[in-house]
Each structure stands twice: as C-alpha cells, then as structure tokens.
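1. Got a predicted model here, sequence first, then my questions.
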Amino acid sequence: MTEVLDIAHLESAHRGLARAWIEFESGLAAVPVIARLLSGRLRIEDYRSLLFNLRQQVVDGGRWISRAASNLEHEELRALFIRHAAAEHRDYRMLEDNYVAAGGMREEIRGGVKNIGSEALSAFMFHAASQANPVGLLGAMFVIEGLGNRMAGPWAEAIRMQLALDEDAVSFLAYHGANDEDHLAMFDRALAMAVIDAATATAVVRHARIVARLYRLQLEELDNV
Amino acid sequence: MRAYVTGSGQFLPGEPVSNDAMADYIGRLSLQAARLGRLTLRRNGIRSRHYAMRPDGTTDWTLARLGAAALDDLFARSGLDRRAVGYLATATTQNDLMVPGLASGLHAQSGLPPVEIASMQSVCASGMMALKSAALQVAAGEHAAALAVGAEFSSRYFRPGHYHGTAAMNADGTLPSDAEFLRWTLSDGAAGVLVEDRPAPRGLSLRIDWISLRSFADRFAPCMTGGAALNEQGDLVPWSHFPTIAEAAQAGAFQLRQDVEALHRMLPVWLGELMRLVDEGRVDPGGVDHFLCHFSARSLRDEMVALARKAGCLIPEDRWFTNLYEKGNVGAASLFLLLDDLLRSGRLAAGQTVLCAVPESGQCVMAYAMMTVVDGDET
C-alpha cells in the first residue's frame, strides 16, 4: 500500500514538472531575444549579450549546488548534488570562450555583473539551498537541465546557421544539448529517491515553477543591470 | 450534465481507397511527392480511406450532402423522429461556401424542421466544439434533442489543378512538405451524434460527464493553415488582402498547409492537458475503459510515451479504440466516426467510461470528453 502511494506522489511530481515545463517553454518563445532566434532574426550582438548575461549567473552554479548538497540529509541525493556541482562548476569558462570566439573581449565578460533577473534567480537558488534538506531544488535542476537537454542543441545549431559561427563559438550550448540527456536520466532516479510524500512532490514542482519564471526574467532583462 | 448520446450515424462516400490507389483520386504531382506520400503513410499508419471525388475529378457530393447522408444513417437506427430535433451544430474545416455556414447547408439537406443552428469552423476540434454546444443546449433545457455533425471533403483541395501554376509548386511538380503532407493525411466523410436530455429507452447510451476544450493560440503561431500565404517577412497574409484574387491564388493562399515540426512541438502541450485533468481528479487513467483518441498510439514519439508513463497518465494501450487505419483522418468528423464505431462495436457495457481526445494542430487546441455508458433510462 505504501509503495503504491509513493508511486502516486512521484507520478504527481512528474505531472507537475511536465506542466511547469510546458508553461516555461511557451513563455520562452515570447521573450524578445528567443523570438528573434526562433524566427531566424538573431544578430551577433544578441548572441554576445546572451553569453555575457548567462555567464554572470552560471558562474554561481557550482556554488549553490554544493551549498544545497551540504544541507541535504539523504546520502545518495547528497552524492548526486556533489557530483553535479563538480561537473558544472567550471562551465562558465565555456561561456567566456564562446564570447571571445563570437568577437567579444574576455576581460569584459569576466568583469560583468548580473542583470536584475539573474540577481533574482541566483538569490533564490542560494536562499533555497540554505534551507534544511532542500530537496525541492530538484525542481530547479529539472528546469535548468531540461533547458540544456531540450533547447540548447537546437539553439546552438540555429545560432551557428544564422550568424555563420564556428562550433567553438557555441560549445556551451552544444555541450549541454549533447550531455544533459544523461543528466535527465540521473534526475529521474534522484526524483524517485526524493519524492516520498505529497509535501516533497509539491516542493519540487513549486521550485520548478519559481525557477522557470526567474530564468525567463533573466532572459527578459538582458543587459539591464 | 444531463445530456446523453443516444444515437449516432456515419457516411463514408464510395469504396475504401487503398494506399496504392490514392494517387488515382488526388492526382500525381511528382516522384518526390509520391516518396513523401509513402513516408507520411508509413508514419500515420492509414491503410484505406474514402474520397467523395471521382478519379476524373467530378463529384456528386458537398459537405452538406455528406452530412445529410450521415444523418439518414443516424435516424435509420434511432428511435427518435427527426422532427423532434431542436438544435443542429455542425463542424468542418472548410465549408462548401464561404458564406453562409455549413449548418445552413446541412439543415437544407437534412429534412429537419426549422431548428436552431450553429456552424463551428476550425479543424479537428470543431467536432468537439459542436458536441459541447449540443450537450450544453440540452443540459440547459433549451432543447430536448440536438444533433452534432462533422463533415469533411478535403480531397477536392488536393487535386493537381489546385497547385499547378502557383508559387508553391516547383518546376518539377514538387510541393513543399508542408503542403504535400496533408494530401496524404486527410480524407472525406461525415458522422454525427444525437444528444438528448435522457438516455434512449432501450439499448446503450453515453452520458456526457464533461467536455474540456482549450486553445493554446496564446503561445503557438498558426500551424495548419488555409486561405493565406506567407510573405517575405514570414507573416501570414490573408487571401483577401492580396490586390487581386489571381495574385492570392498564384501565391498559394488557397492551399492547406501543415507545419509538421510545429505539430511535434504541440505534443507535450496536448499531453499536459491530460495531466491537468488527472491532477484535477477528472481522469483516472487506469479507470478509463475505452480511450477514443483522434491520433494513433504509433504516431506518438517514444519520449511522449515515456513521459506519460512516468507521470502516471498513460492509458493502457489495450483500451485505445481507433478506426484511423481503415477510415482515415476525417478531421472534424473523426470524433463522431469514433463514437459511432464504438457504439456499434459490441464492446460497451453499462458503467464503463469512455474518454475522447481530440487534438487540433491548427493553432493548437486540445479537447477531452468523458462519458459513461448507461443502459436504458437510468432515472
């Protein structure tokens, strides 16, 4: 009986995440820079701005994931967060390399600050990671990994085609497009470990919805520091 | 909701047309067109369909006549006299005439007395729009008996003469895939249901528990279109905005088109609607006895099946009921064709639940309906 209920909570979390993703993906298409990308109207300044703004938030990725790891009680989940932090904490360097390959100056992207949307996103991540046993952050990972798995690959290809760039200028997006599928399979296993009751299912979905909205805000506020 | 499907009927013109014989009816454009056709047929799994157009391009049919033939079938098997009907709702993608609506045309052919009418025009989901309006009319007490009828006559748009000399067609007779795809997907026919405020006194009826229909045009651009052509900026220009009719026709404004890539992007949204209904407690996937889905299980991509399974919303495949492979994709009539075939199948028993699903790619609509089988007058 308990096992059946656990599956019901897990299924409910998967439904909630899928619905949060649908809203996120639909909303992204209406963000001006993404709308230009999807309709073949992207300019090189748009792409550099995207890299510049993402870098200022991505640089914090390894930090909030490790902070969350230190507060997690479930040992397997903690191990997973630690591995994830290790795998991602130097990703921002790819963004810097791409920025340079797209014609930007390395010292400029390194000296940048977060836009106001990135501030909100990053602040929420650190806030959530600082709570006791922050399993809800799996919802945040779902959105960010989903972005990599579902969008980054096609975006990388579209950017290369529209702007006639080499592969070394889109490696951050291409890497996430190619690798986040494994990450999502790992995510499914983590979710099955984490969602043991209705409260964790709700927390995971709620974190996903918040992070989805704040991620979109980050893209809406490009260069608005 | 006090509204019951108490009768149904269908009409499919002519003999079934096999995949090999399709081109005799819709015509031959080029070798590459035929190749894309075979690919499309492999994907949709359709093995036969019906056409209201003869191979020589002549026809005795209109949507109104097809719909009337479906109503003749319905009333030949119903205990209700057609003079007792108070409301007629119709559904189609493109009416015979631009003005007036199909409900007027069908009413004229139907032998019905003066009735209230409504013409729904969209794509596949217009069938559900017609059914919902009929059910609400009956449940509200406005009419005791109502008809919802869907009809399609797509083949008339697919003949070579509708493409030759337009910008859409290349010199070698090849169409872009968004125009070619539908030629190998859609076919003709009509079907409808009778909705009453009580179950039929004898035999099985379907109590309509609820109908949910939602548009997602707030986030999708038009994906299946007719009556417009893209300009150089990528904007859809309605045919009537061209300086002359000839220029609109030359630009391909009168051709039906389907952006197949956008259609794939809609799949998660359609499934998301089922998730919403599960979350709201309106659908118990394990408790559905018959799942009438206007697309086939095999057209779903593996990732969608995996997502549905882990989210606890996969209706077991042995509950799926389809007639797509034999009767083809008849757009707005499909919902009623499914209901009619299910009611005739002998598989229904009192107390069973029937979940209908009708997605529409037009600009993204998803509709679900839940019904319960009742035997005789349950009240």
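-> Received the coordinates, thanks.
2. Next, count neighbours for residue 19.
-> You didn't pick a chain, so chain A it is. Here the number of neighbours of residue A:19 (other C-beta atoms under 10 Å in any protein chain shown) works out to 22. For glycine as for every other residue, the C-beta is placed from the backbone atoms N, C-alpha and C.
3. The chain in question should be chain B.
-> 15.
4. Would you confirm that it contacts residue B:48?
-> Yes: Residue B:19 is within contact range of residue B:48, at 7.5 Å (criterion: C-beta atoms under 8 Å).
5. tell me the secondary structure for residue B:208?
-> Going by DSSP: H, G, I helix; E, B strand; the rest coil, the secondary structure assigned to residue B:208 is strand.
6. check contacts around it.
-> B:1, B:3, B:4, B:5, B:131, B:135, B:195, B:369, B:370, B:371 (C-beta atoms under 8 Å, 6 or more residues apart in numbering or on different chains).
7. can you do 6 Å?
-> Going by C-beta atoms under 6 Å, 6 or more residues apart in numbering or on different chains, residue B:208 touches B:1, B:3, B:135, B:371.
8. gap between it and chain A?
-> Going from residue B:208 to chain A by C-beta to the nearest C-beta, to the nearest Å gives 25 Å.
9. now that residue, which residues is it bridged with?
-> Beta bridges link residue B:208 to residue B:371 when assigned by DSSP bridges.
10. Could I get the pLDDT score of it?
-> The model reports residue B:208 with a pLDDT of 98.
11. Residue A:103 is in what secondary structure piece?
-> Element membership for residue A:103 (DSSP states H and E) is empty, with no helix or strand holding it.
12. ok, it - how many residues close by?
-> 13.
13. Could you chop chain B up by domain?
-> Using automatic domain parsing, the domain ranges for chain B come out as B:4-196, B:209-220+B:258-375, B:224-257.
14. Please measure how far the first residue of the last one sits from its last one.
-> End-to-end distance of domain B:224-257: 5 Å, with C-alpha to C-alpha, to the nearest Å as the criterion.
15. Please compute how far that domain lies from its chain's middle.
-> 24 Å (C-alpha atoms, centre = their mean, to the nearest Å).
16. And the residue of the stretch 101-250 of chain B that's closest to chain A?
-> Nearest to chain A in the stretch 101-250 of chain B, going by C-beta to the nearest C-beta, is residue B:219, at a distance of 3.7 Å.
17. so who does that residue touch?
-> Contacts of residue B:219 (C-beta under 6 Å, 6+ apart): residue A:26.
18. just curious, which of the contacts of residue B:208 is nearest to chain A?
-> residue B:371 (23.2 Å).
19. Return the residues of chain A in contact with chain B.
-> Taking C-beta under 6 Å from any C-beta of the partner chain as the measure of proximity, chain A contacts chain B at A:11, A:14, A:15, A:18, A:19, A:22, A:26.
20. Secondary structure and pLDDT added to those residues, as CSV?
-> As requested, the residues of chain A next to chain B are exported to CSV (DSSP: H, G, I helix; E, B strand; the rest coil; pLDDT from 0 to 100):
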residue, secondary structure, pLDDT
A:11, helix, 95
A:14, helix, 95
A:15, helix, 96
A:18, helix, 94
A:19, helix, 95
A:22, helix, 91
A:26, helix, 87
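21. Downstream of the stretch of helix or strand residue B:39 belongs to, the next helix or strand is which one?
-> Using DSSP H and E, residue B:39 maps to helix B:31-44. Counting by DSSP H and E, the next helix or strand C-terminal to helix B:31-44 is strand B:48-49.
22. quick one: that following strand to chain centroid distance?
-> Using C-alpha atoms, centre = their mean, the offset of strand B:48-49 from its chain centre is 15 Å.
23. Let me see the mean pLDDT of it.
-> For strand B:48-49, the per-residue pLDDT averages 97.
24. Count the residues that sit near residue B:141.
-> So residue B:141, with other C-beta under 10 Å, has 9 neighbours.
25. dump the residue contacts of the nearest residue to residue B:126 once chain neighbours are set aside.
-> Using C-beta to C-beta, 6 or more residues apart in numbering or on different chains and skipping the chain neighbours, the partner closest in space to residue B:126 is residue B:91 (3.7 Å). Contact partners of residue B:91, counting by C-beta under 6 Å, 6+ apart, are B:120, B:126, B:127, B:130, B:150, B:332.
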